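1. A structural model of the following input is requested.
(one chain, ligands or ions: 1)
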Amino acid sequence: MCGIVGFIGQKDSKEILLKGLEKLEYRGYDSAGIAVMNDEGVHVFKEKGRIATLREAVDQRLFATAGIGHTRWATHGVPSKVNAHPHQATSERFTLVHNGVIENYTQLKDEYLQNVELKSDTDTEVVVQVLEQFVKQGLEVEEAFRKTLSLLKGSYAIAMLDEQNSETIYVAKNKSPLLVGLGDTFNVVASDAMAMLQVTDQYIELMDKEIVIVKKESVTIKNLAGETINRDPYTAELDASDIEKGTYPHYMLKEIDEQPLVMRKIVQEYQSDNGTLTIDPCIVEAMKGADRIYIIAAGTSYHAGLVGKQFIEKMAHIPVEVHISSEFSYNMPLLSEKPLFIFISQSGETADSRAVLVHVKEMGHKAITITNVPGSTLSREADYTLLLHAGPEIAVASTKAYTAQLAVLAILAYVTAESKGIMVGMDLVKELGIIANSMEALCDDKEVMEAIAWEYFTTTRNCFFIGRAMDFFVGLEGALKLKEISYIQAEGFAGGELKHGTIALIEEGTPVIALATQEHVNLSIRGNVKEVVARGAHPCIISMKGLETEEDRYVLPAVNEMLTPLISVIPLQLISYYAALHRDCDVDKPRNLAKSVTVE
Ligand code: F6R
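-> Alright, predicted model coming up:
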């Protein structure tokens with residue numbers, strides 16, 4: 001979702017800003033813009049569509065040592081050049097980019113901007129116009145900035161230029177991620193360290209309701225009361241090569257292929273010197289002290305949570321509920337006496353999940369975040385963090401983060417069980433090794449997956465995924481992958497549920513992908529396949545070695561039955577990838593989607 005960059009220093013800022021925005025493309029956007037400032041004033045360039053279009057629009061002859069940039073994912077107003085950021089106040093003195101949602105922007109408009117003609121439909125323009133009103137009334141810019149921020153309800157990450165002060169970028173943050181990066185003769189602003197890794201790996205985290213005065217040789221953090229705050233920078237441990245595609249045509253394919261490596265890395269990270277799996281003892285104690293665990297997540301991470309529930313209940317014998325984060329506040333269950341919350345989020349920034357975290361912390365409950373991004377909002381605000389160690393995931397469709405979430409949840413369940421003296425009956429280090437090898441074998445079988453994609457998805461408008469037990473949850477994830485990147489309408493169902501309504505949709509040739517990896521339900525799911533075939537479906541059965549029959553289209557290598565989701569999802573990821581490719585879809589940046597969903 002929207003991204004911000006900013007640069008102030010002794011170099012020309014245009015290219016640094018454009019390159020930074022390119023690194024943020026993965027978050028999803030529909031328009032982009034930059035504003036650069038030199039002694040002649042502020043120059044704004046913005047366009048609907050891709051950064052490449054913006055790049056063409058930028059006047060390359062300009063030299064400007066300060067600037068801000070933005071990728072916009074529309075919330076208020078359609079994607080258009082007018083609604084794209086940066087936005088300017090009427091006098092064009094102030095220029096501002098913003099991520100997040102200003103919930104009270106209509107009230108602000110009514111109260112402060114009755115005589116101001118707004119150019120766009122955005123909540124952002126209201127912010128810069130209100131600030132200009134305060135400056136007109138005689139406030140210093142910093143004071144006006146602070147006063148404006150104190151009126152805003154909602155979430156924001158903001159960077160602002162003042163044409164009359166080419167030495168400063170004004171920055172502020174509340175609930176939306178934003179970092180300040182430090183350089184020798186320059187400083188930068190970025191919603192994600194990745195964007196500015198080209199110039200620095202030293203970053204300062206900002207907390208909610210802080211403002212920052214960024215100059216080329218200094219960074220001053222203040223609270224809304226104007227008091228200065230000191231904070232040390234940290235080194236962003238990202239390898240620039242991790243965020244390159246290399247020889248891969250798409251990040252998604254690269255990330256699918258990285259899964260075996262990620263499994264081995266996770267085992268390494270969670271292994272103690274004596275080879276056993278280990279987790280921060282405080283986390284294990286929190287698990288053991290809970291009478292019920294509430295997993296909160298969205299999308300793919302929610303699907304991982306459904307599998308995680310099985311791991312925790314079966315291994316550690318603790319009851320678990322899994323909730324969609326955006327629904328939790330309205331449909332909050334009656335909590336148990338000693339609840340423990342687990343937030344699963346690849347990005348660690350999902351606003352829906354964060355809203356629940358804020359709520360449960362206010363209620364005084366403990367929370368663990370399982371995330372891929374150290375220092376992310378959900379990580380900082382929870383009591384404990386378990387990292388996924390999957391490396392940056394750039395493609396919008398989550399692949400390696402999902403399997404990493406499953407592996408970390410399995411380790412959490414396993415270590416908790418061991419600590420409770422429960423015999424789990426497997427050696428998880430060994431089993432995850434087998435999983436990594438099996439993943440490798442599956443990734444080597446790409447031609448088969450491509451052929452399946454051709455056969456089933458060249459012309460179809462819809463598709464069903466069915467499974468029972470663990471396979472049901474993987475089917476949900478398979479359906480999400482297919483629909484988000486190929487735009488084929490796809491739904492996942494419990495095998496036994498089809499006949500209660502959905503079977504009415506099965507017509508001649510409807511693709512039905514059936515997962516059959518669970519021995520205790522093998523006959524039942526095969527019965528469900530027969531039911532849909534009798535109504536004309538084109539079935540594709542993916543089974544597991546030991547359970548296979550002649551009708552199966554693909555047979556997965558045998559792994560521990562409880563851990564099958566870690567490998568059965570891989571053919572579904574690959575099939576979705578090739579289906580999207582054959583349909584000429586933008587695989588890494590599907591329409592309407594954002595990688596980091598920072599609005600509720
Ligand atoms: C789908 C996908 C999304 C995310 C969801 C939650 O491929 O990536 O469904 O899983 O937006 O995001 P995180 O995990 O960052 O909280």
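2. Skipping its backbone neighbours, what lies nearest the residue of the stretch 351-500 of the chain found nearest the ligand in space?
-> Among residues of the stretch 351-500 of the chain, the one nearest the ligand by C-beta to the nearest ligand atom turns out to be Ser398. It sits 3.4 Å away. Backbone N, C-alpha and C define where each C-beta goes, glycine included. Spatial nearest neighbour of Ser398, chain neighbours left out: Thr300 (4.2 Å); criterion: C-beta to C-beta, 6 or more residues apart in numbering.
3. which SS class is that neighbour?
-> Thr300 falls in the helix class when you classify it by DSSP: H, G, I helix; E, B strand; the rest coil.
4. What is the burial count for it?
-> By the measure other C-beta atoms under 10 Å, the count of residues near Thr300 is 22.
5. Identify the residues contacting it.
-> When contacts are counted by C-beta atoms under 8 Å, 6 or more residues apart in numbering, Thr300 is found next to 346, 398, 401-402, 477, 480.
6. again, but for Met160
-> Going by C-beta under 8 Å, 6+ apart, Met160 touches 68, 94-97, 128, 131, 145, 169-171.
7. hmm, 6 Å instead?
-> With contacts taken as C-beta atoms under 6 Å, 6 or more residues apart in numbering, Met160 has the following neighbours: 96, 170.
8. and it, what element?
-> When secondary structure is defined by DSSP states H and E, Met160 falls within strand 156-162.
9. ok, and for the helix or strand just after that strand, which residues are buried?
-> Going down the chain from strand 156-162, the next helix or strand is strand 165-174, by DSSP H and E. By 16 or more other C-beta atoms under 10 Å, the buried positions in strand 165-174 come out as 166, 168-174.
10. again, but for stretch 383-401
-> Along stretch 383-401, these residues count as buried under the neighbour rule (16+ other C-beta under 10 Å): 384-401.
11. Packing partners of whatever helix or strand Phe464 lives in?
-> Secondary structure assignment for Phe464, by DSSP H and E: strand 462-467. With contacts defined as 3 or more C-beta pairs under 6 Å, 6 or more residues apart in numbering; DSSP states H and E, the secondary structure elements packing on strand 462-467 are helix 470-486, strand 489-494, strand 511-516.
12. thinking again about what came up before, what does the pLDDT read for the residue nearest to Ser398?
-> For Thr300, the model assigns a pLDDT of 98.
13. what does the one 3 residues further on give?
-> Reading off the per-residue confidence, His303 sits at a pLDDT of 98.
14. And for the one 5 residues further on?
-> Here the pLDDT value assigned to Gly308 is 98.
15. In this structure it contacts Leu409, no?
-> Yes. Assessed by C-beta atoms under 6 Å, Gly308 is found in contact with Leu409 at 3.6 Å.
16. Those two: who's more crowded?
-> Neighbour comparison, Gly308 and Leu409: the larger count goes to Gly308, with 28 against 24 (by other C-beta under 10 Å).
17. Of all the residues in stretch 48-55, which ones are buried?
-> Buried residues in stretch 48-55, counted by 16+ other C-beta under 10 Å: 48, 50-51, 54-55.
18. Check for me that Ile452 belongs to a helix.
-> Yes. Looking at Ile452 with three-state DSSP, it is inside a helix.
19. Let me know whether it touches Ser576 as I believe.
-> No. With contact defined as C-beta under 6 Å, Ile452 does not reach Ser576; the gap is 10.6 Å.
20. Would you mind telling me which of the two has the busier surroundings?
-> Neighbours around Ile452 and Ser576, counted as other C-beta under 10 Å, are more numerous at Ser576. The numbers are 31 against 21.
21. Where does that one sit, in terms of helix or strand?
-> Assigned by DSSP H and E, Ser576 belongs to helix 565-582.
22. Need the three-state assignment for the closest residue to the ligand within the stretch 451-600 of the chain.
-> Distances between the stretch 451-600 of the chain and the ligand by C-beta to the nearest ligand atom are smallest at Val597, namely 4.7 Å. Under the three-state scheme (three-state DSSP), the conformation of Val597 reads as coil.
23. And the helices in the stretch 1-150 of the chain?
-> Here the stretch 1-150 of the chain has its helices, by DSSP state H, counting those that start in this stretch, at 13-23, 51-57, 105-112, 123-136, 141-151.
24. Out of those helices, which is closest to the ligand?
-> Relative to the ligand, the nearest member of those by C-beta to the nearest ligand atom is helix 13-23, separated by 17.4 Å.
25. Against which helices or strands is the closest one packed?
-> So helix 13-23, by 3+ C-beta pairs under 6 Å, 6+ apart, packs with strand 3-9, strand 31-38, helix 51-57, strand 66-72, helix 193-196.
26. coming back round to it: can you pull the alpha-carbon coordinates of the helix holding Ser576 into CSV?
-> Backbone C-alpha positions of helix 565-582 (Å, rounded to 0.1, in the frame of the first residue of the first chain) are rendered in CSV as follows:
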residue,chain,number,x,y,z
PRO,A,565,0.5,-28.2,4.2
LEU,A,566,4.1,-27.2,4.0
ILE,A,567,4.5,-29.0,0.7
SER,A,568,1.0,-29.5,-0.7
VAL,A,569,0.7,-25.7,-1.1
ILE,A,570,3.7,-25.6,-3.5
PRO,A,571,1.9,-27.1,-6.6
LEU,A,572,-0.9,-24.7,-5.9
GLN,A,573,1.4,-21.7,-5.8
LEU,A,574,3.1,-22.9,-9.1
ILE,A,575,-0.2,-23.7,-10.8
SER,A,576,-1.5,-20.2,-9.9
TYR,A,577,1.8,-18.6,-11.1
TYR,A,578,1.6,-20.3,-14.5
ALA,A,579,-2.2,-19.7,-14.8
ALA,A,580,-1.5,-16.0,-14.3
LEU,A,581,1.3,-16.0,-16.8
HIS,A,582,-0.8,-17.7,-19.5
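27. Good, we can wrap up now.
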